[in-house]
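K.L.:
next come a sequence and a model predicted from it.
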Amino acid sequence: MKNIFNQSIKLKKLRLVAILALSAFLLPGFMFFDSNIKWRSGPGGFAGIYLQLGDSLSQNKNLVTSLTESISYKNTGAKLQVSLMGENRGDTFPAMDVLGCSEAILNDYRRKGNPVFAEEMDADCTGASCSHIVSCGGVIVSTGIRLNTDVLEGNISSALLHELGHISGLNHCPPGEKNCTQVPENSMMHPFQNTVVSPGVDDVTGLKELYGTLSSEQTAMIAKQEEFKNFADNICNPSPCKLPEEETNPNYRLSQEEKNAIASVLSSIEGDITLYRKEKLFQYYMLRMQGSQDTGVTPEEKLMQNVSEKQQRIAETPTENLVVLRQMLAWQIQERNIVLTELNHEVDKDFLDFTRGEINILIQIRRDMIEEQGRR
């Protein structure tokens with residue numbers, strides 16, 4: 001891995017210029033790329049681009065999520081994950097007037113995030129959309145996308161997908177080819193298109209050239225993740241899965257002992273509870289990512305294995321331990337649900353899908369414990 005510190009910042013500001021008709025856009029990008037500019041790879045060789053959606057595009061969250069998924073590893077087979085993740089950083093690019101590549105400066109850029117937002121055209125972005133990249137030593141450390149609403153008039157899909165290609169490292173033309181005459185019309189990076197809403201074959205090829213192709217083991221892990229989603233969606237008996245406080249069956253409702261245990265844990269936490277939860281979430285998020293790469297066994301597989309063994313384990317557990325475990329499960333279910341309802345902007349969609357499945361499994365295990373206590 002190249003050292004990205006103590007080198008000068010290379011700033012690329014890529015602009016999209018509207019041509020005569022508002023329905024046609026001059027859109028920058030292509031499968032041919034600057035092989036010296038890309039995102040750093042993390043666990044398992046995956047590169048991650050984590051974007052923050054501005055308030056101006058909050059109503060388009062589902063659309064933006066769909067477009068980021070279309071250029072991510074599950075759809076392209078390239079080792080790149082593009083996700084909406086993190087708190088809103090405002091409808092503006094981070095300041096780009098700091099020079100240098102010290103670790104402190106680069107961390108400052110990363111803290112400012114990678115915004116995606118929309119506003120009316122001004123002197124900083126005179127076309128339909130613009131994007132920028134800040135890189136050091138060939139490694140991208142910050143980026144941003146701006147859409148000009150008065151030019152796009154609500155048709156943001158093609159322009160946004162195109163800019164997503166840019167911030168991933170794709171350029172317009174093959175090396176040495178200035179007029180882009182060889183760019184396929186179905187490429188999201190074609191210079192004159194406003195209808196392409198998914199990456200073409202050449203776009204996918206470019207992303208794989210930049211970031212590498214999923215191995216057979218990684219493809220198998222992705223299949224396990226999909227298997228887990230189906231498994232967790234059908235785990236609860238009786239169906240559907242319900243949070244303890246929402247259970248209609250009085251036997252499964254949150255007991256007073258569970259409420260007291262949850263209150264006791266909360267009272268023992270010092271400082272800001274939201275900050276505590278964010279820190280725990282980040283630790284869990286990284287543990288899940290790293291654990292899969294280190295062991296080759298996904299957390300999804302571990303949970304499914306635990307479910308297959310749960311009846312025997314519950315039957316062998318002393319009653320006094322069942323009481324404590326049930327209280328722990330009630331706490332875990334509550335905290336996992338807070339991830340979905342209050343901290344969902346802190347993690348990517350894959351992790352949220354995993355969390356939903358995990359909650360269902362914890363709900364059913366708690367129900368089984370209650371049934372076992374009743375039999376005793």
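P.N.:
Nice, I can see it.

K.L.:
tell me the helix or strand right after the lowest-mean-pLDDT helix or strand in the chain.
P.N.:
When each helix and strand of the chain is scored by mean pLDDT, DSSP states H and E, strand 25-26 comes last, with a mean of 31. Next helix or strand after strand 25-26 toward the C-terminus (DSSP states H and E): strand 38-39.

K.L.:
what comes into contact with that following strand?
P.N.:
Strand 38-39 is contacted from outside by A47, G48, I49, L80, G138, V139, I140, S168, G169, L210, Y211, using C-beta atoms under 8 Å, 6 or more residues apart in numbering. Every residue, glycine included, has its C-beta placed from N, CA and C.

K.L.:
and the gap between the first one and N344?
P.N.:
So the one you mean is A47. 23 Å (C-beta to C-beta, to the nearest Å).

K.L.:
again, but for the second one
P.N.:
Between G48 and N344 the distance, using C-beta to C-beta, works out to 17 Å.

K.L.:
what's the answer for the fourth one, then?
P.N.:
The gap separating L80 from N344 is 22 Å, by C-beta to C-beta.

K.L.:
neighbour count winner among these two?
P.N.:
Neighbour tally, L80 and N344, criterion other C-beta atoms under 10 Å: the higher count belongs to L80, 23 against 16.

K.L.:
picking that back up, could you flag which of the contacts of strand 38-39 are buried?
P.N.:
A47, G48, I49, L80, V139, I140, S168, G169, L210, Y211 (16 or more other C-beta atoms under 10 Å).

K.L.:
per-residue confidence at the fourth one?
P.N.:
Read that as L80. pLDDT for L80: 95.

K.L.:
what's the domain layout of the protein?
P.N.:
Per the record, the chain has its domains at 9-211, 216-375, by automatic domain parsing.

K.L.:
just these: most buried one?
P.N.:
domain 9-211 (a mean of 19; mean count of other C-beta atoms under 10 Å).

K.L.:
next structured bit after the strand or helix carrying I167?
P.N.:
For I167, the host element (DSSP H and E) is helix 157-168. Using DSSP H and E, the helix or strand that follows helix 157-168 in sequence is helix 201-211.

K.L.:
and that following helix, what does it pack against?
P.N.:
strand 38-39, helix 73-76, strand 80-84, helix 157-168 (3 or more C-beta pairs under 8 Å, 6 or more residues apart in numbering; DSSP states H and E).

K.L.:
tilt between it and helix 157-168?
P.N.:
20 degrees (axes from the mean of the first three to the mean of the last three C-alpha atoms, to 10 degrees).

K.L.:
quick one: helix 201-211 to chain centroid distance?
P.N.:
Relative to its chain's centre, helix 201-211 lies at 20 Å (C-alpha atoms, centre = their mean, to the nearest Å).

K.L.:
kindly report the same for stretch 220-229.
P.N.:
17 Å.
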